[in-house]
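> please work out how this folds:
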Amino acid sequence: MTRDDFNAFCAALPATTHVVQWRNADVWKVGGKVFAICGWNDGLDAFTFKASDLAFEVLQDTPGVRPAPYMASRGLKWLQHYAAPGLSDSELQNHLKASYDMVIAGLTKKKHAELKL
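As a prediction, this is how the structure comes out:
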């Protein structure tokens with residue numbers, strides 16, 4: 001997946017917002033909460049996403065996938081696809097969507113209504 005593919009995929013999800021921060025990282029949010037990041041790999045594209053407990057345990061040892069720098073060290077269950085072979089484009093899209101869904105599930109009912117989700 002390219003950075004452009006990543007941004008197009010995240011932009012297609014309902015009620016998302018995009019900012020560039022943290023040393024030129026593309027940061028995607030829903031309801032003000034981060035669900036996906038592209039950046040943080042010494043200038044190379046890397047894709048960071050929130051993971052379920054099971055996905056975190058299973059995928060963290062996959063070649064090309066690691067606990068996300070900064071986030072995982074703070075006890076958060078975030079993974080980063082940073083090198084080949086890593087995840088296929090469709091697998092990465094599935095995990096990005098799951099991250100988006102987890103963030104939405106944590107939003108208040110008021111925020112859901114405000115975002116029309």
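> do you know how far the closest residue to residue 68 other than its chain neighbours is from residue 46?
Once its chain neighbours are removed from consideration, residue 68 has its nearest residue in residue 78; the separation is 3.8 Å (Cβ to Cβ, 6 or more residues apart in numbering). For glycine as for every other residue, the C-beta is placed from the backbone atoms N, C-alpha and C. Summarising the geometry, the distance separating residue 78 from residue 46, computed by Cβ to Cβ, to the nearest Å, is 12 Å.
> for the chain, what's the longest helix?
In the chain, taking DSSP state H as the definition, the longest helix is helix 89-105.
> residue 51: neighbour count?
The number of residues packed around residue 51, counting by other Cβ atoms under 10 Å, is 25.
> list the contacts of it.
Neighbour list for residue 51: 59, 77-79, 95, 98-99 [criterion: Cβ atoms under 8 Å, 6 or more residues apart in numbering].
> apply 7 Å and report the result again.
Shown in contact with residue 51 (Cβ atoms under 7 Å, 6 or more residues apart in numbering): 59, 77-79, 95.
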